[in-house]
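>>> the following comprises the amino acid sequence and a computationally predicted model.
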Amino acid sequence: MTLLAASLAGSLGAVFRYLLSGWAQERFQRDFPVGTMLVNLTGSLALGLVAGAEPVATMSTITLIGFLGGFTTFSSWMVETVLLGARSRGAWLNLSLTLLGGIGAAVVGYLLTH
C-alpha cells in the first residue's frame, strides 16, 4: 500500500512540475530555464518543511517525499544547464542560483518547522 501511495504521489508531483514549469517559462519568456529553477526551489523549500516537521506516519512521509521527488528535477536542471552553456554564459548562473537558492530554501523550510 505504501509503494502504491508513493507511486501515485510521484505521478502527481510530475504533473504539477509540468504545469508549474510550463507556466513559469511561458509567463517570463526567457531563454533561461526559469520554470525548472522555480520548481526546484519550491520543492527544496517544501522538502525542508517536511524534514523539519515532527515525524509523521510512514504513509504520509512517503507520500510527501514521493510527491516532491516527482515534482523536483535534478536531471532536467543538468541538461538545461548544459544546453544553456552551449548557447550563452548563463550556465554558471543557473547552477549557482539553483544550488545556493535550493540550499537556502531547504534551510528556511527546515527552520520554519523544526
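Noted; the coordinates are in hand.
>>> and Phe28, what does it touch?
Val34 (Cβ atoms under 8 Å, 6 or more residues apart in numbering). All C-beta atoms are positioned from the backbone trio N, CA, C, and that covers glycine.
>>> need the helix or strand of the protein with the lowest average pLDDT.
Least confident element among the helices and strands of the chain, by mean pLDDT, DSSP states H and E: helix 58-71 (a mean of 81).
>>> just for the chain, where's the confidence low?
In the prediction, the chain carries residues with pLDDT under 70 at positions 56-60.
>>> for it, which segments count as strands?
Per DSSP state E, the chain carries no strands over any range.
>>> in it, which spans are helices?
With DSSP state H as the criterion, the chain has helices at 2-28, 34-52, 58-71, 74-87, 91-113.
>>> deepest in the core, which of the ones you listed is it.
Here the criterion is mean neighbour count by mean count of other Cβ atoms under 10 Å, and of those the winner is helix 34-52, at a mean of 21.
>>> and that helix, what does it pack against?
When contacts are defined as 3 or more Cβ pairs under 8 Å, 6 or more residues apart in numbering; DSSP states H and E, helix 34-52 packs onto helix 2-28, helix 58-71, helix 74-87, helix 91-113.
>>> and those: which comes nearest Leu49?
Of all these, the one in closest proximity to Leu49, counting by Cβ to Cβ, is helix 91-113 (4.0 Å).
>>> which other residues reach that closest one?
So helix 91-113 is in contact with 32-33, 36-37, 40-42, 44-53, 77, 80-82, 84-85, going by Cβ under 8 Å, 6+ apart.
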